[in-house]
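Trainee: Below is the structure, and that's it, no one-letter string:
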Ligand SMILES: Nc1ncnc2c1ncn2[C@@H]1O[C@H](COP(=O)(O)OP(=O)(O)OP(=O)(O)O)[C@@H](O)[C@H]1O
């Protein structure tokens, strides 16, 4: 069974190259259009076609003809060696079911029931799911050799298999059935009128998340999609919701899709806010799940799945030509921590337009969303550093009067206003300090997860084991080593922010027209398309040409899109046509 993953994961040189080319292509497409390919909706969106009984069910249009569709799973149905017992939830790319082993089958899992994530059947997405499984399996085998602190807060995968669907196979990932999501508990405290989590609980969950991310980042990966739906709270003897069967609303469907739909949808745990009590310090045990958007720290991330709630996104998402690094995980955790501690969203961005009656209609454009979101960040944190202000203009963001923006923003006032009554001034000051370190504008100076878990705000929730680990960590992350890593980051980011140092700007400007003509045939259709529509400056300016006389001998293209700067070198004998 584990072979399935290995086979699927594009091993071998030619597959590897193809995969690399695909990720180049996708990254370039996004870079050029500064546009993410946004899927139909985010789990945190309001439901556009709510089911009469529940707005927590999956959309009917997720079933039917074509690709990108869910597998119609029914209760008591067999999935591989498992029997479906209950529904755990759904996302954009999968429905997740609680299952038990079928009679006569054996596994040596240390738990009774498992979660089977049945992915959609689209070719592209299934590749992602395979990557997710592969990364999770790789991570579960990895050890840092120092006790693996934080690793237990990451979801684990035990096996994978495929089920044949009407329109292609559906990839299934099997892991432990963990418990309700953090979003469930956020809704629960809201419904019970408690406002926020107990501060100690909020601290402990934040600490666990940072510990897991410390381990993950050290292992060389970023998560890329941290939000309350993807944080699961471990529950002993976990049993999913009531599993009511809700007949499909035919008026919400297309007639040609009906034959491929299940006769009913199953309500999940999210509908059942009555049977649980709020989390306590003793029972809160978070697991970071959904590694569908995981990316390697030093490779460009693939960005075609974008489901992270907009309010949790860091400024790098919104500014053009700025690399997306593991710092996005830190920013997202800080936003979630604020919500747990105060019960309020730090930054809430409406993802849909509302009509006159206040009902949600279609999705807002990305430009509209960004135009709301960035000024919110400025209000909260004060003006960004100068190089970000420069990028602000070219990113099409609204003009701001930078002189009038108060230094440090209104984060202090927000915390004082939103803090729970039990939070003392001293505690609030610690919380603010923690938030400021995690919400640093410049991703290169944002505190790392390893630095943040050592923050004093967590001191009151640390167990003796945590303290022992933090002592070792403090010794290893000395001031010297963190200064060295900051300097390295600074140097690495140069090409992304300016022209590569060895390129002469004037030379580019004067030779531009000729070069563009000459480069098209050399570089093939993809580059030709880019070059024809844009000047090197518009593309980010990271072109470097090296000549011997009039002979173009080397072209270097620096992609400053994501985590790393991919350098594509093309050596050629082609000389420039006469001007
Ligand atoms: N192991 C598990 N135990 C309990 N519930 C789970 C488990 N895995 C997933 N779930 C539930 O199923 C939901 C959907 O799972 P998941 O987020 O992995 O799907 P997805 O389609 O990849 O999501 P996204 O749209 O964020 O990419 C989760 O929000 C969670 O509530």
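Mentor: That came in fine, so what should we check first? Computed from a predicted structure; not experimentally measured.

Trainee: How many neighbouring residues does residue 278 have?
Mentor: Residues contacting residue 278 under the criterion other Cβ atoms under 10 Å number 15. To be clear about C-beta, it is placed using only N, CA and C from the backbone, and glycine gets the same treatment.

Trainee: Could you find the closest non-adjacent residue to it?
Mentor: Closest residue in space to residue 278, ignoring its immediate chain neighbours: residue 189 at 5.5 Å, by Cβ to Cβ, 6 or more residues apart in numbering.

Trainee: got it, and residue 391?
Mentor: residue 319 is the one closest to residue 391 (Cβ to Cβ, 6+ apart), at 4.5 Å.

Trainee: how deep is the one you found tucked in, by neighbour count?
Mentor: 22.

Trainee: residues in the stretch 1-150 of the chain within reach of the ligand, list them.
Mentor: Residues of the stretch 1-150 of the chain found near the ligand (Cβ under 6 Å from any ligand atom) are 43, 88, 89, 90, 91, 92, 93, 94, 96, 115, 117.

Trainee: repeat that with 5 Å
Mentor: Residues of the stretch 1-150 of the chain found near the ligand (Cβ under 5 Å from any ligand atom) are 88, 89, 91, 92, 93, 94, 96, 115.

Trainee: how near is residue 74 to the ligand?
Mentor: 17 Å (Cβ to the nearest ligand atom, to the nearest Å).

Trainee: could you list every residue that touches that residue?
Mentor: Contacts for residue 74 (Cβ atoms under 8 Å, 6 or more residues apart in numbering) come out as 84, 262, 263, 264, 266.

Trainee: wait, isn't the fourth one in contact with residue 246?
Mentor: Yes - here residue 264 reaches residue 246: they are 5.8 Å apart, a contact under Cβ atoms under 8 Å.

Trainee: Up against the ligand, what does the chain have?
Mentor: Residues of the chain lying near the ligand (Cβ under 5 Å from any ligand atom): 88-89, 91-94, 96, 115, 175, 177-178, 181, 229, 290, 292, 307.

Trainee: Among these, list the two that are farthest apart in space.
Mentor: Taking Cβ to Cβ as the measure, those span a maximum distance of 22.1 Å, between 177 and 307.

Trainee: Looking at the two, which is more packed in?
Mentor: Neighbour count, other Cβ under 10 Å: between residue 177 and residue 307, residue 177 has more, with 25 against 22.

Trainee: Please report the distance of the more buried one from residue 235.
Mentor: Plainly put, residue 177 is 9 Å away from residue 235 if you go by Cβ to Cβ, to the nearest Å.

Trainee: Whatever residue of the stretch 351-500 of the chain ends up closest to the ligand: neighbouring residues, count only.
Mentor: Using Cβ to the nearest ligand atom, residue 351 is the residue of the stretch 351-500 of the chain that sits closest to the ligand, at 13.5 Å. Using other Cβ under 10 Å, residue 351 has 19 other residues around it.

Trainee: My read is that it contacts residue 369, right?
Mentor: Yes - if you go by Cβ under 8 Å, residue 351 and residue 369 touch, sitting 6.9 Å apart.

Trainee: where does the chain dip in pLDDT?
Mentor: 1-56, 122-128, 241, 251-252, 269-271, 298-308, 360-362, 476-579 (pLDDT under 70).

Trainee: Domains in it, by residue range?
Mentor: Here the domain parsing of the chain from automatic domain parsing is 1-185+233-276, 505-571.

Trainee: so what does the helix or strand where residue 332 lies touch, helix or strand wise?
Mentor: Using DSSP states H and E, residue 332 sits in helix 327-342. Helix 327-342 is packed against helix 182-191, helix 199-218, helix 315-318, helix 411-418, helix 425-438, helix 449-452, with contacts defined by 3 or more Cβ pairs under 8 Å, 6 or more residues apart in numbering; DSSP states H and E.

Trainee: Could I get the buried residue list for the first one?
Mentor: Read it as helix 182-191. 182, 183, 184, 185, 186, 187, 188, 189 (16 or more other Cβ atoms under 10 Å).

Trainee: Which residues does it contact?
Mentor: So helix 182-191 is contacted by 44, 195-197, 205, 227-229, 231-233, 269-270, 273, 276, 278-279, 286, 336, 339-340, 343 (Cβ under 8 Å, 6+ apart).

Trainee: which residues touch the closest residue to residue 195 other than its chain neighbours?
Mentor: Nearest residue to residue 195 in three dimensions, chain neighbours excluded: residue 343, at 3.9 Å (Cβ to Cβ, 6+ apart). Residue 343 is in contact with 189, 190, 194, 195, 196, 197, 418, 420, counting by Cβ under 8 Å, 6+ apart.

Trainee: Most neighbours among these, which one is it?
Mentor: Top of the contacts of residue 343 by neighbour count (other Cβ under 10 Å): residue 197, with 27 neighbours.

Trainee: and the residue nearest to residue 333 when sequence neighbours are not counted, how many neighbours does it have?
Mentor: Nearest in space to residue 333, with sequence neighbours left out and distances taken as Cβ to Cβ, 6+ apart, is residue 209 at 5.1 Å. Residues within reach of residue 209, counting by other Cβ under 10 Å, total 28.

Trainee: try residue 106
Mentor: 7.

Trainee: Kindly report the same for residue 225.
Mentor: Neighbours of residue 225 (other Cβ under 10 Å): 25.

Trainee: Where does it fall, secondary structure wise?
Mentor: With DSSP H and E as the test, residue 225 turns up in no helix or strand.

Trainee: Surely it and residue 293 touch.
Mentor: Yes - with contact defined as Cβ under 8 Å, residue 225 reaches residue 293; the gap is 4.1 Å.
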